[in-house]
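[1] My questions are about this predicted structure, shown below with the sequence.
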Amino acid sequence: MTGATTRMQESKVLWDRTTDTLYIWDQDTQGWTNLADILSGGYVTDDQLTAGLSLKLATAGGSIAGDLTISGKLGVGGATPDSNNPVAMQLASMLLTNPSGTLNLTVNKQAIANDARFTFQTNYSTRALFGLLGDDNLTLKVSPDGTSFVSALV
């Protein structure tokens, strides 16, 4: 692989518990490449993995421990991210928990005129908006058709 550039466009990862090694699918060679070799050889570009990646799978298909930075888009559970939704998840349910104490979820906006909101849809047509909608008042807006909205609560 000397001088080669490894492309990580497919999200295929293999954890070998017997050797404690992480492998990533290499699109160019159509084979598995040891992550340690990729990082030490300088084969990773900015759009792929970075040298700061600290990742370990506890068991095959198990958990991720350490710091993980993803630049670009992320799809989870078979969802396809796009330019409007750089993080897309296809899930039946989701749990956020902190067994050792307080859990804080923050939705931040940069200016008063922007929105910090939760959007509720039916078949991808917006039916309700909840949050700070164009000002700093907590507001709930609803729509019977996805185009005209009425403030139900301010």
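    Received, thanks.
[2] C-alpha only now, for contacts and for neighbours.
    Noted.
[3] can I see the domain layout of this protein?
    Per automatic domain parsing, the domain ranges recorded for the chain read 13-89, 115-153.
[4] lowest-confidence helix or strand of the protein?
    One helix or strand of the chain scores below all others by mean pLDDT, DSSP states H and E: strand 56-57, with a mean of 38.
[5] any low-confidence regions in this structure?
    Low-confidence segments of the chain (pLDDT under 70): 1-20, 35-71.
[6] Run through the strands of it in chain order.
    Along the chain, counting by DSSP state E, strands occupy 13-16, 21-26, 31-34, 56-57, 64-65, 74-76, 87-89, 115-122, 125-133, 138-142, 150-153.
[7] Tabulate those strands (CSV), appending mean neighbour count and distance to N104.
    Output for the strands of the chain, formatted as CSV (neighbours: other CA atoms under 10 Å; distance: least, CA to CA, whole Å):
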stretch, mean neighbour count, distance to N104
strand 13-16, 16, 31
strand 21-26, 18, 32
strand 31-34, 15, 37
strand 56-57, 18, 26
strand 64-65, 12, 20
strand 74-76, 15, 22
strand 87-89, 16, 20
strand 115-122, 15, 16
strand 125-133, 19, 16
strand 138-142, 17, 18
strand 150-153, 12, 24
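[8] Make TSV out of those and add distance to N98.
    Output for those, formatted as TSV (distance: least, CA to CA, whole Å):
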stretch	distance to N98
strand 13-16	27
strand 21-26	28
strand 31-34	33
strand 56-57	21
strand 64-65	16
strand 74-76	21
strand 87-89	21
strand 115-122	22
strand 125-133	24
strand 138-142	26
strand 150-153	31
